[in-house]
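Enquirer: 3D model of this:
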Amino acid sequence: MNYLEGLNEKQREAVLHTDGPLLILAGAGSGKTRVITHRIVHLIHQGIAPHNILAVTFTNKAAREMRDRVEDLIRTFPPTERAAIDSLPIVTTFHSFGVRVLREFHELLGLPRHFVIYDRSDSVKAVKRALEEAGYSPKQFEPRRILGIISRAKGDALSQVDFADGANSYPDRVAAEVWLRYDAILKTEKALDFDDLLSKTLGLLTAHPDVQRQLQNRYRYLHIDEYQDTNRVQFEIAKKLTTEQANICVVGDIDQNIYSWRGADIKNVLQFEQHFPKATTILLEENYRSTKTIIAASNDIIAQNRNRVEKTVFTNNLDGEKITLYAAMTGTDEAEYVALTTRSLIADGASPSHIAVLFRTNFQSRSLEEAFLAFDVPYQVLGTKFFERKEVKDVLSFLRLALNPDTTADLSRIINVPARGIGKVTLLKIIEGRREDISGATLEKVHRFDTMMIDIADHARTETVSETLRFIIKRTGIETDLRKSGTEDDLMRLENLRELVSLATRYDEHGPEEGVELLLSDAALQSDQDELKAKEEQDAVRLMTVHAAKGLEFPYVFVTGLEEGLFPHERLDDKGVDHEEERRLFYVALTRAEKKVFLTYANTRTIFGSQRVNVPSSFLRDIADEHIEGDGLSGGSESGFERTIFLD
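Expert: From the prediction side, this is the model:
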């Protein structure tokens, strides 16, 4: 079993434990993906058919990397049984798995196979419409907040009826009423939102035991990565898929549970042995990523938490450099320090893409961007996703509408893209099914639009995805319109559409309709890290929130804004600060680093237009002095004033 070479004792134990429930508590950088992939290959070598193995994680990026590593291992260590290599394990995300199941059993749910998947912006618009239909003002009840309440309830596996019965506060009662109308809009549009992909899957498994048994027989061995991030509905799906043999392997780290605000339930890890009796627990504590100094500091931090399973991460790597602490006078000073230090690292030979600058909240990126621009340091902010660009969404809307003519959201979006003289009154008549009220030149324009959509639908059902997208860009007149404008922005939009066509070639190996389904699913379910993956060729410093950095690693990491009220963050609602989760978030930030960590805070910072005097983060006191050094760098002539160091 050559594929076991290079695994440490605990990793090997986890790989060889194939039957019954298994909980792997994996510290940061301990090689958990290596364990999952080798365990899958070991199962195949034991005679388990690959298509009977399911592995689920949280981002497309993580799933793609895990899938690639499994396939590489299978090629490197091919099983002797021919039947074992005629298929591949299913490695996917929770939401993509939901899409897969719902498309297969769509008729049981009264859905078309090509149901629409609403992204967050689509959902916000629909909630706004539902609010207005219910007689509420979107100014009084912010649609995003109402959507957040509905989303959290769906993640807790609650139905609209259950939620309405338990709604005690006025905002919750409003959300319950809006939810009813929102669901009606989705049903009319033959659409599901992001959360429905899981809640409807659970509903299907609950209401149809025959489907449950079919999927249990199909997926006999279940793996779940990042188990600490699962919410109630994801946990319930996992239980429904598990047979009496309970061949379920979950990998998680309580110390990296940072998503309770969106429903992740730490109890799923803490109570695993109760949920799955006779479970085996294995601790992976050896870190292969970071220096001893970084590991010691991160252990200092996380040891302060009580709600955890005791483990001590260690490493056999070098001691490495001390952690640098810089106390800035102002937020601007802090940003300049970060930009100048990254410039110095790059001058000393570091690749810009090997440097990450992390912050607790998005507003912090503004001053950092200004400093990086001022000092001419290449940077990339993890933010606007490729699939959220207007021109990209327009083209995908043509594709969705061609396959699902009932989606009025897509019709409203693109009936006048580019401008073809069809007004709002005409659009309303089409939506309401009153085409007989349209006449003259306007009717001719509508007919031309209908003919165009039929042409697109024919292409989508017979041609490759990339060819269909190329056809849409030309047939709709979008390409001609952008070329005619000739502005730099419009030419950039055209380049983005060319990139969309290039990206779509990944799906050309599938049949036309299946390829379209996969592209539209991936577009709707894209994460921040998938956007980073799409731009990995850019050699630039990465700027992102700590949440977005989870699962990533960089040689050099800056953690900025370490001030009380900012990190740990003081929430603006009545729930206060969850210090344990904030501490876990800081632990995640530290453990992204391989070689060197820089910590910064500002004594004064302007927030929402007013200047605030800050106290250094309490987290800084938790790190032993021996692991930290102050940076006495002066701003000199470049920043215009001397920097002063304040160390507790």
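Enquirer: now the element after the strand ranked longest in the chain, going C-ward?
Expert: Selection of the longest strand in the chain by residue count, based on DSSP state E, yields strand 593-607. Proceeding N to C from strand 593-607, the next assigned helix or strand is strand 610-613, under DSSP states H and E.
Enquirer: and the pLDDT at the residue nearest to His275 when sequence neighbours are not counted?
Expert: Sequence neighbours aside, Lys239 is the residue nearest to His275 in space, at 7.0 Å (criterion: C-beta to C-beta, 6 or more residues apart in numbering). For glycine as for every other residue, the C-beta is placed from the backbone atoms N, C-alpha and C. We have a pLDDT of 96 for Lys239.
Enquirer: swap in the one 10 residues further on?
Expert: According to the per-residue confidence, Cys249 scores 97 in pLDDT.
Enquirer: how much space between the residue nearest to it when sequence neighbours are not counted and Gly252?
Expert: In space, and not counting its chain neighbours, Cys249 is closest to Leu22: 4.4 Å by C-beta to C-beta, 6+ apart. Distance from Leu22 to Gly252, counting by C-beta to C-beta, to the nearest Å: 12 Å.
Enquirer: ramachandran angles for the residue nearest to Cys249?
Expert: Dihedral pair for Leu22: phi -140, psi 130, per degrees, to the nearest 10.
Enquirer: that one against Val250, yeah?
Expert: Yes: Leu22 is within contact range of Val250, at 7.4 Å (criterion: C-beta atoms under 8 Å).
Enquirer: re earlier: residue contacts, the residue nearest to Cys249?
Expert: Ala14, Ile248, Cys249, Val250, Ala279, Thr280, Thr281, Ile282 (C-beta atoms under 8 Å, 6 or more residues apart in numbering).
Enquirer: quick check, nearest of the residues you listed to Ala356?
Expert: Val250 (27.9 Å; C-beta to C-beta).
Enquirer: hmm, that closest one is touching Tyr227, no?
Expert: Yes: if you go by C-beta under 8 Å, Val250 and Tyr227 touch, sitting 3.9 Å apart.
Enquirer: okay, and the common contacts of those two?
Expert: Leu23, Val269, Phe272.
Enquirer: give me the subset of the residues you listed lying in strands.
Expert: Those of those lying in strands (DSSP E): Leu23.
Enquirer: make TSV out of the shared contacts of Val250 and Tyr227 and add distance to Arg475 and pLDDT.
Expert: As requested, the shared contacts of Val250 and Tyr227 are exported to TSV (distance: C-beta to C-beta, whole Å; pLDDT from 0 to 100):
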residue	distance to Arg475	pLDDT
Leu23	53	97
Val269	51	92
Phe272	53	94
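Enquirer: Leu340: which of the shared contacts of Val250 and Tyr227 is nearest?
Expert: Looking across the shared contacts of Val250 and Tyr227 and measuring by C-beta to C-beta, the closest to Leu340 is Val269, at 41.5 Å.
Enquirer: report the contact partners of that closest one.
Expert: Per C-beta under 8 Å, 6+ apart, neighbours of Val269: Leu23, Leu25, Tyr227, Gln228, Val250, Gly252, Ile254, Asn257, Val309.
Enquirer: from these, which would you call buried?
Expert: Among the contacts of Val269, those classed as buried by 16 or more other C-beta atoms under 10 Å are Leu23, Leu25, Tyr227, Gln228, Val250, Gly252, Ile254, Asn257.
Enquirer: for the residues you listed, which one is nearest Thr37?
Expert: Val250 (15.3 Å).
Enquirer: contacting residues for the closest one?
Expert: Val250 neighbours (C-beta under 8 Å, 6+ apart): Leu22, Leu23, Ile24, His223, Ile224, Tyr227, Ala238, Val269, Phe272.
Enquirer: quick one: Arg542 is in a strand?
Expert: Yes: assigned with DSSP: H, G, I helix; E, B strand; the rest coil, Arg542 falls within a strand.
Enquirer: thought Ser351 was touching it, still the case?
Expert: No: between Arg542 and Ser351 there is no contact under C-beta under 8 Å: 11.2 Å.
Enquirer: shaky segments in the stretch 451-600 of the chain?
Expert: 527-537, 571-577 (pLDDT under 70).
Enquirer: what does the chain give?
Expert: 81-86, 383-385, 527-537, 571-577, 608-610, 632-648.
Enquirer: what is the three-state secondary structure of Val251?
Expert: strand.
Enquirer: not counting sequence-adjacent ones, nearest residue to it?
Expert: Ile24 (4.4 Å).
Enquirer: equivalent analysis for Asn416, please.
Expert: Per C-beta to C-beta, 6+ apart, closest to Asn416 is Ile422, 5.6 Å.
Enquirer: tell me which stretches of the stretch 451-600 of the chain form helices.
Expert: Along the stretch 451-600 of the chain, counting by DSSP state H, counting those that start in this stretch, helices occupy 465-475, 478-485, 488-504, 512-524, 528-534, 546-549, 579-590.
Enquirer: any idea how far Ala356 is from Val174?
Expert: 40 Å.
Enquirer: between the two, which one's more packed in?
Expert: Ala356 (25 against 18; other C-beta atoms under 10 Å).
Enquirer: please settle this for me: is the more buried one part of a strand?
Expert: Yes: using three-state DSSP, the assignment for Ala356 is a strand.
Enquirer: distance from the centroid: which residue in this protein tops it?
Expert: Gly440 (48.5 Å; C-alpha atoms, centre = their mean).
Enquirer: re the thing from before, bridging residues for the residue nearest to Val251?
Expert: Taking DSSP bridges as the rule, Ile24 bridges to Val251, Ile282.
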